[in-house]
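Asker: Got a sequence here, can you model it:
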Amino acid sequence: MTLISSEGTETRIPATSSWSLTGSLNQARQDFSATLLQDGKVLVAAGADHEFGGSIIYNSVEIYDPETARWTQVADMNTGRYGAQAILLTDGTVLVTAGAGHTHGIDVSEIYDPKTDAWTNTGVLNAQHGATCASISLPDGRVLLAGGYDVAIGFVKAVEIYDPKSRVWERIADMNVGRNTFSMTLMGDGKVLVAGGNSDAGGKTNSVEELDLETGVWTPIAPMLHARVRCSAFLLPSGHIMVAGGITNLEGTAEFYNPETGSWRVMSMQTGHAATTATRMKDGKILFIGGANDVIGPTREVELFDPETGEFEPIEETHVLYPRGLGVSATQLQTGEILVAGGQLEPVTDKAMLFTPFFIRTPKNGSTTGPRPIYSGLSLFAHTPVAVIDQYGELIVATVTDAQGQWSVSSAIDLQEGSHRIQAVISGKGTMTVGFEAYGSTETGSKN
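Answerer: Residues are numbered from 1 along each chain as shown. Okay, the predicted model is just below:
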């Protein structure tokens, strides 16, 4: 059996994925923005320290380099702020907008250019959105910003779009419900869905509405079955929308919206994840890290949602090194690792951690060539030699040490098709039990 095609891959992330400390921020902070730059580094900007009955607001900025595991201070922002929205623009610059100062929301936006290490003020917002609004990148490169909270007017209905070409914010139709700490998702049909949050109707809400970008009209749709605040939302391959976690009356649940039927269904998660970080990984699974629950407060629990199986999976042996509460960031690096930094950790912390999901990936499509099977695929331990050995002590795979973690090696044995639990000897990390998927030669390349 030979596994050499690059099409149709299957991944497994077993409980042997690991956490490690990776340097420390130069400034302990929470409620900051974190953005993956085009060169693979991570930009962390502004934020605050809300401890001791007051707030210290920062305009300092630093960059994490995954290759050196070091944080380096770069040019300060022009305006200190916390709870800002940050979006990577198509030209590689970073737009940072909204957020709050000591007494009011910030209406000036700034752009950071990594090539010149300089911040430039850009378009001014038409409304005060404060520190709890939401934003997304649109397919045409523009940025949509909505909602928030302002001390003068309360919950914000205002919505506006930033055009990087004109560097101007344009006010569009307001939402039907003023809200903050809600989720915003770009749907498969190009519409934008907002769900939940605290609202001007009083307290947390289950209301949902969608924006048609072509007509500029907001339309209320079927509400969620439970009101929730500080939740996470993702478009799934099925076209459904998952809204998960958050502060809700039904702790530890997710809801799924079917656009075809206009209906919601509820599913239990493994644990409560209020104010959690949620990140879509390279294999399509969604990783929930920490947050809080009603029983123990800030939690170390980690779990995955697999869109293929539709199930939440606990990662029992890889709890976060430190419990994570509000104001933390989680950024997926180009290697597939997740960088978790800062946040509220009694007190606010400067600690940063890496989550390294270890998987052996093999192509589904293959054909037999030669007397010895050749296995190939990808390991997330880029730059690291890995030897994978079967239960009889025979070498199966060994990575090449390139930036992508690609490997290919001939084997003395031919594995049976299906799932295997085998040992990986990883340079500098010891031995791990990992999942390995083997697929046979078929004309269609389908999984057996």
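
Asker: Give the rounded mean pLDDT of stretch 78-93.
Answerer: On average, the pLDDT along stretch 78-93 is 96.

Asker: Pull the distance from that stretch to the chain's centre.
Answerer: Mean C-alpha position of stretch 78-93 versus that of the full chain (CA atoms, centre = their mean, to the nearest Å) differs by 17 Å.

Asker: May I see the buried residues of it?
Answerer: Going by neighbour count (16 or more other CB atoms under 10 Å), the buried part of stretch 78-93 is 79, 80, 81, 82, 83, 84, 85, 86, 87, 88, 89, 93. Heads up, the C-betas are built off the backbone N, CA and C, glycines and all.

Asker: burial measure for the nearest residue to the fourth one once chain neighbours are set aside, as a count.
Answerer: This points to residue 82. Counting by CB to CB, 6 or more residues apart in numbering, residue 48 is the residue found nearest to residue 82 once chain neighbours are left out, at 3.6 Å. Per other CB atoms under 10 Å, the neighbour tally for residue 48 reads 25.

Asker: where's residue 48 relative to residue 331, distance?
Answerer: 19 Å (CB to CB, to the nearest Å).

Asker: for the stretch 101-250 of the chain, which spans come out with low pLDDT?
Answerer: In the prediction, the stretch 101-250 of the chain carries no residues with pLDDT under 70.

Asker: rerun at 80
Answerer: Applying pLDDT under 80 to the stretch 101-250 of the chain flags the ranges 103, 201-202, 249-250.

Asker: What separation is there between the closest residue to residue 166 other than its chain neighbours and residue 102?
Answerer: Leaving aside its sequence neighbours, residue 166 sits nearest to residue 123 (CB to CB, 6+ apart; 8.0 Å). Distance, residue 123 to residue 102, using CB to CB: 23 Å.

Asker: Need the residues that contact the helix or strand the residue nearest to residue 166 falls within.
Answerer: Assigned by DSSP states H and E, residue 123 belongs to strand 118-124. Residues from elsewhere that reach strand 118-124 (CB atoms under 8 Å, 6 or more residues apart in numbering): 61, 75-78, 95, 107-113, 162, 166-169.

Asker: let's see it at 6 Å
Answerer: 75, 77, 78, 107, 108, 109, 110, 111, 112, 167, 168, 169 (CB atoms under 6 Å, 6 or more residues apart in numbering).

Asker: helices or strands next to the helix or strand that contains the last one in the packing?
Answerer: Here residue 169 sits within strand 168-172, counting by DSSP H and E. Judged by 3 or more CB pairs under 6 Å, 6 or more residues apart in numbering; DSSP states H and E, strand 168-172 is in contact with strand 159-163.

Asker: Tell me the strands beside the strand it packs on, with direction?
Answerer: Note on strand 159-163: by DSSP bridges, its sheet partners are strand 143-146 (antiparallel), strand 168-172 (antiparallel).

Asker: Report the inter-axis angle for that strand versus strand 118-124.
Answerer: 130 degrees (axes from the mean of the first three to the mean of the last three CA atoms, to 10 degrees).
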